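>>> Have a look; sequence and predicted model below, questions after that.
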Amino acid sequence: MRSGVPGNSVGGLPLVLPSITAGIGATGEAGGAPTFSFAAGFSRRAVALGLDRTMELRGGDRLGPTGAVCDLAIDWQPEFMRHVEAACSDQRVCGREWFALPPTLLVAQPGAGRTHLARRLAVAAGVPHVALDARQLARTLASLPDVPAPIPPVVAIAISRCANPVISVENVDAAGEHAHVLLARLIDPEECRKVIDTSVGAILDFGHVTWLIQTDAPDKLPHRLVDGTTCVRITRPTGADARLFLIDLIAEVISDRWVGEIDHRQFLDVLFRAQAELPRTSVAELYDRVAAWLARGEAPFQQATRR
Amino acid sequence: MQNPQSGPELVGSAPFLPHVPKRGEDRSVVSLLRLLPDGCHVAVWSHRCGTPREADTLFGWMWTQASEWPVWGRTAVRLGEGIVSPIILEGAQAAADAAAHAAANRERAEAERRRLARQITLWVFDSKKKRPSLGLERGCDDAPFWRMTFAERWERDRVADWLKFQKHRYVDFEALFLEHGDLELERLVLSGMRETEADVKRRGLSAGGRRPLRFWRGE
């Protein structure tokens, strides 16, 4: 059953603003996450993709000092760590038992590992990660007879059944004005709670989504987009931190690609080789190379010997 | 100052550190502890050694590898103990092997030094623009402990003709040198040489000329 409060009409349609269900916080006996009504349909008909069914707000058990912050442990990104720590503390103090960060601009050169960082955050916080190409936001404008499609994160939220994923927004710099306007609405603390999506016939609430917007030139983005975000600068790890970063990367590849058991020699070989390539390779390229090395099931030095 | 006996209390804010219990049944279990933000330590890796002594050895080696603690700890947290165990244990084994090898090398070097120290060699020196000389030198040293200088080369050779057949007395020469100084040793050498020369001349074995012992063979 959908919970919500009836409000004013928008465009002739009844506007039902979704709100947090009464069941929120009732995590004790069932041990489950709080639930949340992400979408309110324009009518009593079921909303496409089952969006009107309650969804989980996850990560409530990761807000403490031994939670997401401890698991992240990326001391080479102190600004980011402080940002996450402060956000977790805010959520805890306000009694919001789920993970959420205020909209954040991750500022770094391409290839510095911004997406990797976002994925690490999602894993540490226990929420799904969604990669969103900002240029896709501009394509959501459709006219008949085209079938309108929901904006990309909606599908991911529907699949994951989680209303507070971490969404990495890529290619913002090249996305264009329409995408910037829509993105600004999605991250605005007021407007994001009542985003009308005619493709699914519902009003959506993105209020608990963590937006991590990647850019290398925040001064070139519209003020409306920048003003609503916290700017966090990301640096490439060097020295001893590089090895720790690469361990995370290798673990990510193993988890993503369902790589079977690897032995310590293979791990060390991949680690040393990745360490040699890190200064001259983007993190995304390095991810692919590590995946290739691991998928072959043999260490690079063994491949070289065989050749 | 941190040391293996300091325990977790005195290692500051190190996120990972090795640990072995000081007492109790688990004295043979070496662990890698993780410091949590709330101040607690949790083990992210542990290994049971055969004996507490082995555990102490492993722990002592781990303590010397402080730069590796974060790497081991992170690998254990991200990829599991199965990857870390061989890394640590093989590293410790390699270090033990290297230490044993180094100790054996040291022992061999020491034995060689002792052997060379027992050897005293007679050297003659003909340096340019320097007066000719001879000297006695221990095998373990790079300079003679005693040196005798002459005005002419034939004088030096005359003494060397006698001295080279006194090898069995070199140790006594050194003792005399250490006790009474080089002048006393020179006197002993010269008197011994003259005595032998007179004896050889009496027996009709002298070579004659400036070096009577030139063809003497120590008989």
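Ah, there it is. Because the structure is a prediction, the values reported are computed rather than measured.
>>> What are the boundaries of the strands in the chain?
I went with chain A, as the question did not name one. Remark: strands of chain A, listed N- to C-terminal, are A:4-10, A:13-18, A:35-36, A:39-41, A:55-56, A:104-107, A:129-133, A:166-170, A:195-197, A:202-204, A:210-215, A:230-233; assignment by DSSP state E.
>>> could you do chain B instead?
Remark: strands assigned in chain B by DSSP E are B:16-19, B:29-35, B:41-48, B:120-125, B:133-138, B:146-149.
>>> just so I know, which of those strands lies nearest B:Glu90?
Nearest to B:Glu90 among the strands of chain B is strand B:41-48; the distance by Cβ to Cβ comes to 12.0 Å. In this view, the C-beta of every residue, glycine as well, is placed from N, C-alpha and C.
>>> any idea of the angle that closest one forms with strand B:29-35?
160 degrees (axes from the mean of the first three to the mean of the last three Cα atoms, to 10 degrees).
>>> hmm, back to that, so which of the strands of chain A gets nearest chain B?
For the strands of chain A, the distance to chain B is smallest for strand A:129-133, at 16.8 Å, taking Cβ to the nearest Cβ.
>>> mind listing what the closest one pairs with, with the direction of each?
Using DSSP bridges, the neighbouring strands of strand A:129-133 in the sheet come out as strand A:166-170 (parallel).
>>> Tell me which residues are up against the partner strand.
With Cβ atoms under 8 Å, 6 or more residues apart in numbering or on different chains as the contact definition, strand A:166-170 has outside contacts at A:101, A:114-115, A:118-119, A:121-122, A:125, A:127-134, A:153, A:156, A:183, A:209-214.
>>> Could you do stretch B:119-132 as well?
Contacts of stretch B:119-132 with the rest of the structure, by Cβ under 8 Å, 6+ apart, involve B:133-139, B:144, B:147, B:149-153, B:155-157, B:160, B:163-164, B:167, B:170-171, B:173-174.
>>> re the thing from before, would you turn the strands of chain A into JSON lines with mean pLDDT?
Conversion of the strands of chain A to JSON lines gives the following (pLDDT from 0 to 100):
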{"stretch": "strand A:4-10", "mean pLDDT": "37"}
{"stretch": "strand A:13-18", "mean pLDDT": "38"}
{"stretch": "strand A:35-36", "mean pLDDT": "88"}
{"stretch": "strand A:39-41", "mean pLDDT": "89"}
{"stretch": "strand A:55-56", "mean pLDDT": "92"}
{"stretch": "strand A:104-107", "mean pLDDT": "95"}
{"stretch": "strand A:129-133", "mean pLDDT": "94"}
{"stretch": "strand A:166-170", "mean pLDDT": "95"}
{"stretch": "strand A:195-197", "mean pLDDT": "88"}
{"stretch": "strand A:202-204", "mean pLDDT": "92"}
{"stretch": "strand A:210-215", "mean pLDDT": "95"}
{"stretch": "strand A:230-233", "mean pLDDT": "94"}
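>>> CSV please, covering the ones you listed and showing distance to A:Tyr287 and mean neighbour count.
CSV is the format used below for the strands of chain A (distance: least, Cβ to Cβ, whole Å; neighbours: other Cβ atoms under 10 Å in any protein chain shown):
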stretch, distance to A:Tyr287, mean neighbour count
strand A:4-10, 42, 11
strand A:13-18, 37, 18
strand A:35-36, 32, 22
strand A:39-41, 34, 25
strand A:55-56, 28, 22
strand A:104-107, 17, 22
strand A:129-133, 13, 19
strand A:166-170, 14, 25
strand A:195-197, 32, 18
strand A:202-204, 31, 26
strand A:210-215, 15, 25
strand A:230-233, 21, 15
